[in-house]
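Engineer: I would like to see how this sequence folds:
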Amino acid sequence: MKKQFLIKSIFCAAAVLCISPLFAETKQNKVKVELANVGSVEGKILVSVYDSAKNFSRKSACRELKVTPTAGTTVFDVEIPDGEYLFCICHDVNDSGALDEGFFGIPKEPIAMNNYNGKSVPKFDKLKVNINGDTTIPMELLSF
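Structural biologist: Got it, this is the predicted structure:
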């Protein structure tokens, strides 16, 4: 009888330890994005946040937002846990819901990515930013 009780107790304790992380809240960081060079208040600012090179190549964002643009600088917040991220932003001026591209996929609408200067093909590992606590990320829209 004692042996059966002991086995049940161990099993229950192990089950609690295994599933408790599933219910634990992940600390969310407030990332304030200051997007400069916003040319107009037309359309929407489309924001996609990627948490890995694999998800970036698949265009599978972990967070997506639509923000109303403010001429000059648009400021908005994104809440994400600690980790490495790539913020991709498009000013969807014609409000089509997607980035308009031209020949060879060159953007027809202004874009921004953290740490991106517009001079090469964007790569997650080169552009990622480490988020570990609340922070502010300055970004600037580029037109091609």
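Engineer: what helix or strand is residue 112 on?
Structural biologist: Using DSSP states H and E, residue 112 maps to strand 111-113.
Engineer: what is that strand packed up against?
Structural biologist: strand 83-92, strand 135-140 (3 or more Cβ pairs under 8 Å, 6 or more residues apart in numbering; DSSP states H and E). Glycine gets a C-beta too; all of them are placed from N, C-alpha and C.
Engineer: give me the nearest residue to the residue positioned nearest the centre of the chain, chain neighbours excluded.
Structural biologist: When Cα atoms, centre = their mean is applied to the chain, the residue found nearest the centroid is residue 49 (1.8 Å). Leaving aside its sequence neighbours, residue 49 sits nearest to residue 63 (Cβ to Cβ, 6 or more residues apart in numbering; 4.0 Å).
Engineer: quick revisit: which parts of whichever helix or strand comes after the strand holding residue 112 are buried?
Structural biologist: Going down the chain from strand 111-113, the next helix or strand is helix 124-127, by DSSP H and E. Neighbour-count burial for helix 124-127, counted by 16 or more other Cβ atoms under 10 Å, picks out 124, 127.
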